[in-house]
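**Q** Here's a sequence, model it:
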Amino acid sequence: MRTPVVMTLGMVFAPCGLLFNLTSTLAPGWRLVKGFLDQPVDVELYQGLWDMCREQSSSERECGQQDKSGYFEAQPVLVARALMVTSLAVTVLGLLLASLGVRCWQDVPNFVLAGLSGVVLFVAGLLSLIPVSWYNHFLRDRDVLPLPASQVTVQVSYSLVLGYLGSCLLLLGGFSLALSFAPWCEERCRRSRKAPSAGPRRSSVSTIRVEWPEPELTPAIKYYSDGQHRPPPAQHRKPKPKVGFPMPRPPPKAYTNSVDVLAGEGWEAAQSQDSTSCSSHPYDSTLPCDSDL
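**A** Here you go, the predicted structure:
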């Protein structure tokens with residue numbers, strides 16, 4: 001199985017946060033004091049949780065300076081020592097749990113163990129963020145964090161910045177790993193839904209079955225089988241309705257001619273006509289006359 005993105009981000013952010021917090025805890029650079037009136041201008045004093053270093057001209061550095069102002073007995077310094085060491089120990093424990101839960105030579109990660117490691121790393125980030133923020137709040141307060149008697153300039157040094165970065169990375173890495181609980185919670189919810197109930201449940205809504213009449217299919221679909229169209233049976237045939245109205249038919253009409261072709265063809269007319277002509281009509285000229293018979 002491919003490692004989820006949230007686990008990968010957590011495994012990247014958490015070791016970086018551990019490295020920054022370790023450097024911040026051991027390095028003498030929480031506060032930078034300079035501008036001493038009785039010393040050269042380029043003299044700077046770096047104060048940390050465990051040691052003080054005096055630096056001049058950025059080349060000569062002497063650590064193990066004597067604390068004359070009671071800086072190491074200040075409450076923010078003592079609390080920062082305890083909480084930073086505790087944060088480092090909790091971070092190591094969280095990384096150990098994360099290494100066992102994320103992969104540990106298994107195909108499927110252990111989501112519960114990975115999520116638990118995220119919670120542990122998130123707590124480690126809080127344990128380191130609290131002393132860093134508290135120390136920064138009283139950075140220029142002479143009553144809480146003592147300073148030399150002369151007027152000096154106080155600034156934030158690199159160890160305090162590294163403490164902020166390490167704490168934020170631990171918070172992000174822990175939150176990212178804590179998101180590994182999501183697949184585990186989803187699986188638990190799915191199992192609880194699939195679990196059978198104690199007794200049969202009676203439905204509060206009654207089911208009514210309604211049978212609707214099937215629509216009559218067209219003949220092209222209803223009587224089509226084996227690739228051939230078949231005519232519907234006689235009982236399913238319906239007479240086609242007649243559309244329109246009957247047209248009146250004209251009465252039968254005989255052929256009429258305004259000229260009476262039989263006029264003058266009687267016996268009396270034949271006696272009175274000239275023997276050379278048989279009829280006065282032009283289309284009777286082809287008939288043989290009586291004289292020729």
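**Q** Which residue is the nearest non-sequential neighbour of residue 131?
**A** Spatial nearest neighbour of residue 131, excluding adjacent residues (Cβ to Cβ, 6 or more residues apart in numbering): residue 80 at 3.7 Å. Every C-beta, even on glycine, is put in place using the N, C-alpha and C of the backbone.
**Q** how much space between the one you found and residue 16?
**A** 21 Å (Cβ to Cβ, to the nearest Å).
**Q** These two: which has the busier surroundings?
**A** Neighbours were counted for residue 80 and for residue 16 using other Cβ atoms under 10 Å; residue 80 has more, 24 against 15.
**Q** elements contacting the host helix or strand of the more buried one?
**A** Here residue 80 sits within helix 75-102, counting by DSSP states H and E. The contact analysis (3 or more Cβ pairs under 8 Å, 6 or more residues apart in numbering; DSSP states H and E) places helix 75-102 against helix 5-26, helix 111-137, helix 158-178.
**Q** Residue 61 is nearest to which of those?
**A** Distance to residue 61, taken as Cβ to Cβ, is lowest for helix 158-178 among the helices and strands packed on helix 75-102, at 13.9 Å.
**Q** just the angle between that closest one and helix 111-137, please?
**A** Angle of helix 158-178 versus helix 111-137, following axes from the mean of the first three to the mean of the last three Cα atoms, to 10 degrees, is 160 degrees.
**Q** Report the inter-axis angle for helix 158-178 versus helix 5-26.
**A** Using the same axes, to 10 degrees: helix 158-178 against helix 5-26 is 160 degrees.
**Q** quick revisit: among the helices and strands packed on helix 75-102, which comes closest to residue 48?
**A** Among the helices and strands packed on helix 75-102, helix 158-178 sits nearest to residue 48 (Cβ to Cβ), with 6.0 Å.
**Q** Any stretches of the stretch 51-200 of the chain with poor pLDDT?
**A** The stretch 51-200 of the chain contains residues with pLDDT under 70 at 58-59, 104-105, 194-200.
**Q** redo that, cut-off 50
**A** Counting by pLDDT under 50, the stretch 51-200 of the chain contains no low-confidence residues.
**Q** returning to what we had before: residues contacting the residue nearest to residue 131?
**A** For residue 80, the contact set (Cβ atoms under 8 Å, 6 or more residues apart in numbering) comprises 30, 49, 131, 132, 134, 135.
**Q** Roughly how far does the closest residue to residue 123 other than its chain neighbours sit from residue 124?
**A** Leaving aside its chain neighbours, residue 123 sits nearest to residue 90 (6.1 Å; criterion: Cβ to Cβ, 6+ apart). Between residue 90 and residue 124 the computed distance is 4 Å (Cβ to Cβ).
**Q** Which one's more surrounded, the two?
**A** Remark: of residue 90 and residue 124, residue 124 carries more neighbours, 30 against 20, as counted by other Cβ under 10 Å.
**Q** Was I right to think that one contacts residue 170?
**A** Yes - the pair residue 124 / residue 170 is scored as a contact, 5.3 Å apart, by Cβ atoms under 8 Å.
**Q** got any residues that touch both of those two?
**A** By Cβ under 8 Å, 6+ apart, the residues touching both residue 124 and residue 170 are 17, 87, 91.
**Q** Could you export the residues you listed as a markdown table, including neighbour count?
**A** Output for these, formatted as a markdown table (neighbours: other Cβ atoms under 10 Å):
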| residue | neighbour count |
| --- | --- |
| 17 | 28 |
| 87 | 30 |
| 91 | 28 |
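**Q** What is the nearest of these to residue 141?
**A** residue 87 (23.7 Å).
**Q** Tell me who's in contact with the closest one.
**A** Contacts for residue 87 were tallied using Cβ under 8 Å, 6+ apart; they are 21, 124, 125, 127, 128, 170.
**Q** Would you check how far apart the second one and residue 83 are?
**A** Counting by Cβ to Cβ, the gap from residue 124 to residue 83 is 10 Å.
**Q** buried residues in stretch 126-134?
**A** By 16 or more other Cβ atoms under 10 Å, the buried positions in stretch 126-134 come out as 127, 128, 129, 130, 131, 132.
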